[in-house]
Structure formats: C-alpha cells, structure tokens
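Undergrad: Please work out how this folds:
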Amino acid sequence: MNLDRAIFAFAGFMVLASLVLAQLFSPWWLVLTAFVGLNLLQASITGFCPAAKLFARMGMKPGCAFR
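TA: Modelled structure (predicted):
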C-alpha cells in the first residue's frame, strides 16, 4: 500500500466511524466528518496533508499525490 491509498483509506474510515458514532451517541460526531472533508479539500488545493507526513514518517512509500 502506498501513501495515497493509506490516506484515502484513513479518511474513509474516519468518515464512516464518525457517521456510526453520530448515529449511536450524538450528532456532534458529524463535526469530525466535516473536519475530514475540509482537510481533504485543503489537501487537494495546497498539496499538504498532516496525515501524509505522519504516514511518511512511518515508512509508507510515496504515491503520486502526496510526497
């Protein structure tokens, strides 16, 4: 798995987890979904993703989107 796929998998997991948590506990968990969406939008514009930096430090091979 390369860095790009790890980022997309992490973002997808966070969105799904926040939806489940919002359904089970509190609608305030949807703020996490909004944060993930805003971070994806920001990363598409600037090319900077904090999670990509973290995964790169953990030894993930770079993909074409995040270096």
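
Undergrad: switch to C-alpha atoms for all contacts and neighbour counts from now on
TA: Will do.

Undergrad: And the helices in this structure?
TA: When assigned using DSSP state H, the helices of the chain occupy the ranges 3-24, 30-46, 50-57.

Undergrad: what about this structure, any weak spots by pLDDT?
TA: Of all residues in the chain, those with pLDDT under 70 make up the ranges 66-67.

Undergrad: most centrally placed residue in it?
TA: Closest residue to the average C-alpha location of the chain: Ala11 at 2.9 Å, with Cα atoms, centre = their mean.

Undergrad: Now that residue: closest residue in space, sequence neighbours ignored.
TA: With Cα to Cα, 6 or more residues apart in numbering as the measure, Val36 is the residue that lies nearest to Ala11, at 6.5 Å, once sequence neighbours are left out.

Undergrad: check contacts around that neighbour.
TA: Counting by Cα atoms under 8 Å, 6 or more residues apart in numbering, Val36 touches 11, 14-15.

Undergrad: Lys61 against Asn2, yeah?
TA: Yes. Lys61 sits in contact with Asn2 when judged by Cα atoms under 8 Å, with a separation of 5.0 Å.

Undergrad: could you measure Lys53 against Asp4, distance?
TA: Going from Lys53 to Asp4 by Cα to Cα, to the nearest Å gives 11 Å.

Undergrad: Same question for Gly12.
TA: Here Gly12 is placed at a distance of 12 Å from Asp4 (Cα to Cα).

Undergrad: who's more crowded, the two?
TA: For the pair Gly12 and Asp4, the greater number of neighbours falls to Asp4 (19 against 15), based on other Cα atoms under 10 Å.

Undergrad: Give the closest residue to the more buried one in space, chain neighbours not counted.
TA: Of all residues beyond its chain neighbours, the one nearest Asp4 is Gly63 (5.4 Å), with distances taken as Cα to Cα, 6+ apart.

Undergrad: got it, and Cys49?
TA: Excluding its sequence neighbours, the residue lying closest to Cys49 (Cα to Cα, 6+ apart) is Ala43, at 5.4 Å.

Undergrad: and the one you found, how many residues sit next to it?
TA: The burial count for Ala43: 16, using other Cα under 10 Å.

Undergrad: Over to Leu19?
TA: Residues lying near Leu19 (other Cα under 10 Å) number 19.
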